[in-house]
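Asker: this is a predicted model, with the sequence first.
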Amino acid sequence: MTLANAFGPGFFRLVLAGFVMLSHISALNVGEPAVFVFFMLSGYWVSLMYLNKYAHHPQPLRVFYLSRFLRVWPSYAAAVVLSILATGLVTGNTPYQLLAGLPLFGVASHGLDALNVSWALDIELQFYLFLPFTLVAVRVWSPWVVITLSMLGAVVGWWLYLTIGLKTVLCYLPMFAAGMLLAIRDTTFSKRFVTLSTLVFIIVIAVFFANDTLRAFFIKTRPSPFNEEWMTMALMLLLLPFVAWNVRQKSGWLDAHFGNLSYTVYLLHFPVIALVTKLMGGGLTPTEKLILPLAVAVVSVFFYSIVDRPSEAFRRRVMKKQFGKVPA
């Protein structure tokens, strides 16, 4: 097995989910950067998926929306319900009000988030909703026009959020747009450029940690000297060449499982961490915190086996029937 195959796209997504988990068991602010890279990857993979598969169906919007709904929502809904019930069992106080987050749309704005990470799934669904229409423009406009408009869209998005509390996909449009451009323009970089740009990214992050003022950007307990979302987008876009390289690596059956498992880890890690911490009496020492990733891993694999995999198998059967109706 080569290094490229060992670090395939699926394993990369699992690593990103691990960073989100690390953010919730430590003072390190590394979860949001990982989510932003997820947005970039979504822009790439879902655009490619739509163009190569769903765009050729007689009813592309219907089958695309159905497919994305069946991939995201059933496992999400199961995780939300289980989290609420488990919280009630452990604490004696069942937060039924968090069931309001089940529709998923709007969670990023109203904050009724049983999993504490559902806001990003809300943004993802909004992206799916508008993707077929934005693809038309992205395929025609120059990359510089797309980048400029995505940045203007982000300005509008953050203005909406800061003025009326409405958080939309516009806030993170540059990340999605970067992934879309990778897919549509079939952008590639030389191995030397990927290596150098990744090294630059590592050096920049090291500089942030080495400087007492800049370090606050990655430490949740200290006020950041920057707007965190804008700075995070800028920093993560430095990884664009690496992402362009990674998405083109071969993915075998194990890497595919890693990629699918990343969704389960993302969904369940915070409720598991919160409940295990509560059961252990809170105030865990660094050594005691080592049990948290293990607990997340065990619960995630179990949930993946009995909930997420059967749900994905059902989605595939539904899609097979949908495409089976299409004349050759």
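Answerer: Yep, that arrived.
Asker: show me what the biggest helix by length in the chain is packed against.
Answerer: When the chain is parsed with DSSP state H, its longest helix is helix 60-91. Under the contact definition 3 or more CB pairs under 8 Å, 6 or more residues apart in numbering; DSSP states H and E, helix 60-91 sits against helix 31-52, helix 118-140, helix 253-279, helix 291-303, helix 309-324. Every residue, glycine included, has its C-beta placed from N, CA and C.
Asker: show me the contact partners of the next helix or strand after it.
Answerer: Per DSSP states H and E, helix 60-91 leads on to helix 107-110 as the next helix or strand towards the C-terminus. Contact with helix 107-110 is made by 100-101, 113, 118-123, 161, 165-168, as judged by CB atoms under 8 Å, 6 or more residues apart in numbering.
Asker: can I get the helix or strand hosting L160 in CSV, CA atoms only?
Answerer: Assessed by DSSP H and E, L160 sits inside helix 143-164. Extracted C-alpha coordinates of helix 143-164, given in CSV (Å, rounded to 0.1, in the frame of the first residue of the first chain):
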residue,chain,number,x,y,z
PRO,A,143,-12.5,31.7,-11.5
TRP,A,144,-11.7,35.2,-10.5
VAL,A,145,-15.3,36.3,-10.9
VAL,A,146,-16.5,33.3,-8.9
ILE,A,147,-14.0,34.0,-6.1
THR,A,148,-14.9,37.7,-6.0
LEU,A,149,-18.6,37.1,-5.9
SER,A,150,-18.2,34.4,-3.3
MET,A,151,-16.4,36.9,-1.1
LEU,A,152,-19.1,39.5,-1.6
GLY,A,153,-21.6,36.8,-0.8
ALA,A,154,-19.8,36.1,2.5
VAL,A,155,-19.9,39.8,3.4
VAL,A,156,-23.7,39.8,2.8
GLY,A,157,-24.1,36.6,4.7
TRP,A,158,-22.3,37.9,7.8
TRP,A,159,-24.2,41.1,7.6
LEU,A,160,-27.5,39.1,7.7
TYR,A,161,-26.3,37.1,10.6
LEU,A,162,-25.0,40.1,12.6
THR,A,163,-28.1,42.2,12.0
ILE,A,164,-31.0,39.7,12.1
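Asker: in stretch 250-258, what's buried?
Answerer: S251, D255, H257, F258 (16 or more other CB atoms under 10 Å).
Asker: spatially nearest residue to the last one, not counting backbone neighbours?
Answerer: Residue nearest to F258 in three dimensions, not counting chain neighbours: G10, with 4.0 Å by CB to CB, 6 or more residues apart in numbering.
Asker: can you pull the contacts of that neighbour?
Answerer: G10 touches S251, L254, D255, A256, H257, F258, G259, N260, S262, counting by CB under 8 Å, 6+ apart.
Asker: repeat the analysis, applying 10 Å as the threshold.
Answerer: G10 sits next to 249, 251-262 when contact means CB atoms under 10 Å, 6 or more residues apart in numbering.
Asker: can you list the helices and strands packed on helix 60-91 in a markdown table and add distance to S224 and mean pLDDT?
Answerer: Output for the helices and strands packed on helix 60-91, formatted as a markdown table (distance: least, CB to CB, whole Å; pLDDT from 0 to 100):
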| stretch | distance to S224 | mean pLDDT |
| --- | --- | --- |
| helix 31-52 | 11 | 96 |
| helix 118-140 | 19 | 95 |
| helix 253-279 | 22 | 95 |
| helix 291-303 | 25 | 96 |
| helix 309-324 | 38 | 94 |
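Asker: of all those helices, which lies closest to L85?
Answerer: When the helices and strands packed on helix 60-91 are compared by CB to CB, helix 253-279 sits nearest L85, at 10.4 Å.
Asker: ok now do A34, which residues does it touch?
Answerer: 13, 15-23, 120, 232, 236, 266.
Asker: can you tell me which of those residues are buried?
Answerer: Buried by 16+ other CB under 10 Å: 13, 16-23, 120, 232, 236, 266, out of the contacts of A34.
Asker: minimum pLDDT in these, which residue is that?
Answerer: Lowest pLDDT of those: T232, 91.
Asker: and that residue, what does it touch?
Answerer: Taking CB under 10 Å, 6+ apart, one finds 29, 32-37, 172, 175, 217-218, 224, 226 in contact with T232.
Asker: kind regards, and thank you for your time.
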